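Enquirer: Structure, please.
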Amino acid sequence: MTRSNIQPIENKSKITNPETVVLLLTVPTLGLSNTIYTLAKTEKTSARIALILNASFMLNIPATLYRSKKALSKASIHPDEINAENMPQICDDAWGIVGEFSQAEDILALSKVSKSFNALFKPVLSDATKGLLKYVLEGKEDAVIEICKRSPKLLYLSKVTATDYSGREIAMTPLQAMIANGDIDMLDAVVEYIPNGLDIVRDQIKEMFPSGVKVYFDNKDTFDFGPIVDAISSASSEELHSALGLVNASFTETEKSKPKDDKELTLVQSLNRFRDQFSKRSHKDKIFNPNHLLRAFKIYDKNYDNWNLNQQDLFWRQVVGYTQRYIPACYAQAFAQGLYFIGCEREKLTRSLIFRDNNCSFYPSNCDDASGLGFEFAMHDFPVHMPMYSYVELFNNYVRMGSVVGGNFSELFNAKIEKLEEFMKNNHAPINLSSCCVVS
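Expert: Below is the predicted model:
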């Protein structure tokens, strides 16, 4: 919207068109500014609306945006009816319109104009970025793309904080969160909407992995599963039965058991300590560390022949499964769909958290209820020709699955590392997961 295409309004008392009302509320050059500034001298809320109206003109918002039903519905007050009583409502209406349709870089620039503008615009930019970050952490690719089409710079202008499904607090730009979680599909999808996108993605990857992506993960340490492996290996049949029955199962260990050495704990207490310690460790890893889950798969496979059925089942459900509770949404979606189908059948990631063969969902997990993933089952994968059992049945079949599932997960992760390395070299090509398949 510019001064040249705004038509002056001669008789405001006869204005009934909602679109015209919106224009009057958002552009202080149509004769409405005198009313606004008169009220601004006596009412603090009016001062805020005056800043908003001036800012909206500076933003040069296209008039076509105001033709949306959502924007028009906010313009419910006739210009001649503006007074001190309804000014707060007008303030919220106009501010909502400006915040919704403005470009992120414009809002950021305006937030630096003055203290007043900073107070007005910085919270809106922060809220918009937090919303985008939340969509990224939840793997909602379509929602992320829609925002990027309108305001791509929200992806990297500022760092904000949001919480993922596992309860991990992430303080990054939305673009960095994609990189940290290994959401390469989403990264591929948004890069085309970012001006100089390849350069920006490369710079953000280099900021996070200055020595290289592969070097970072090769040198990343892994959670110590030794104590819980020892506890399961030495447990009696009665202890294993109680643990599988989730007797006194908890996300945290009790105050009574905290002073005890690992060897002094019962099996149930050892499992509660493992969950407590792994949760804390996982929440410290702001960049997803797949080595924890890969290690759990290897341990399961290594001890498979030496453990009885209950030991195998317990480790699979409550150690492998609990470790899976902390993977990012994009990996959870891949598990729910089936790593085999993504890798070997070349299926595109469907972005669903619903398990392939039933209506259960990977996330969100109930952090107050010791059941489901990490307590009653772990996520499996589907090797070729394996019957499509229900998940509960499949997990109880005691299939030797550590090498298969772990292999497919490892191949998927390595493909993501390779892709990030390509981005660092500015060698962008669509990710190819067709070789990410291990069949036994």
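
Enquirer: what about A231, how many neighbours?
Expert: Applying other CB atoms under 10 Å, we find 23 residues neighbouring A231. (Glycine included, C-beta is placed from N, CA and C.)

Enquirer: Assumed it was part of a helix.
Expert: Yes. A231: assigned to a helix according to DSSP: H, G, I helix; E, B strand; the rest coil.

Enquirer: my read: it touches L267, true?
Expert: Yes. Contact status for A231 versus L267: in contact at 5.5 Å, counting by CB atoms under 8 Å.

Enquirer: which SS class is A171?
Expert: strand.

Enquirer: all strands in this protein, in order from the N-terminus.
Expert: Remark: strands assigned in the chain by DSSP state E are 160-163, 169-172.

Enquirer: Could you list which residues are in contact with the residue nearest to I287 when sequence neighbours are not counted?
Expert: Of all residues not flanking I287 in the chain, A180 sits nearest, at 4.4 Å (CB to CB, 6 or more residues apart in numbering). Contact analysis of A180 by CB atoms under 8 Å, 6 or more residues apart in numbering lists 170, 172, 208, 286-288.

Enquirer: List buried members of those by neighbour count.
Expert: Among these, the ones that count as buried by 16 or more other CB atoms under 10 Å are 170, 172, 208, 287-288.

Enquirer: any chance of the residues you listed in a markdown table, plus pLDDT?
Expert: Converted to a markdown table, those look like this (pLDDT from 0 to 100):
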| residue | pLDDT |
| --- | --- |
| I170 | 95 |
| M172 | 95 |
| M208 | 93 |
| I287 | 94 |
| F288 | 94 |
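
Enquirer: Name the spans of the stretch 1-150 of the chain whose pLDDT lies under the cut-off.
Expert: For the stretch 1-150 of the chain, the stretches flagged by pLDDT under 70 are 1-121.

Enquirer: rewinding a little: and the contacts of A180, which is closest to N408?
Expert: Nearest to N408 out of those is F288 (CB to CB; 17.0 Å).

Enquirer: measure the closest one to S233 for me?
Expert: Here F288 is placed at a distance of 29 Å from S233 (CB to CB, to the nearest Å).

Enquirer: so K159 sits right up against A171, yeah?
Expert: Yes. Contact criterion CB under 8 Å: K159 and A171 qualify, at 5.9 Å.

Enquirer: Compare the two (neighbour count), which wins?
Expert: Neighbours per residue (other CB under 10 Å) separate K159 from A171, with K159 holding more: 15 against 12.

Enquirer: and that one, what does it touch?
Expert: 171-173, 176.

Enquirer: which outside residues touch stretch 315-324?
Expert: So stretch 315-324 is contacted by 223, 225, 228-229, 232, 243-244, 249, 271, 274-275, 278, 292-293, 296-297, 299-300, 303, 307, 332, 335, 373-379, 395, 401-402 (CB under 8 Å, 6+ apart).

Enquirer: all helices of the stretch 201-350 of the chain, in order?
Expert: 213-218, 226-233, 237-244, 267-284, 291-303, 309-315, 321-324, 329-337, 339-343 (DSSP state H, counting those that start in this stretch).

Enquirer: and these as a markdown table, adding distance to Q204?
Expert: Putting those into a markdown table (distance: least, CB to CB, whole Å) gives the following:
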| stretch | distance to Q204 |
| --- | --- |
| helix 213-218 | 12 |
| helix 226-233 | 36 |
| helix 237-244 | 44 |
| helix 267-284 | 21 |
| helix 291-303 | 22 |
| helix 309-315 | 38 |
| helix 321-324 | 27 |
| helix 329-337 | 17 |
| helix 339-343 | 25 |
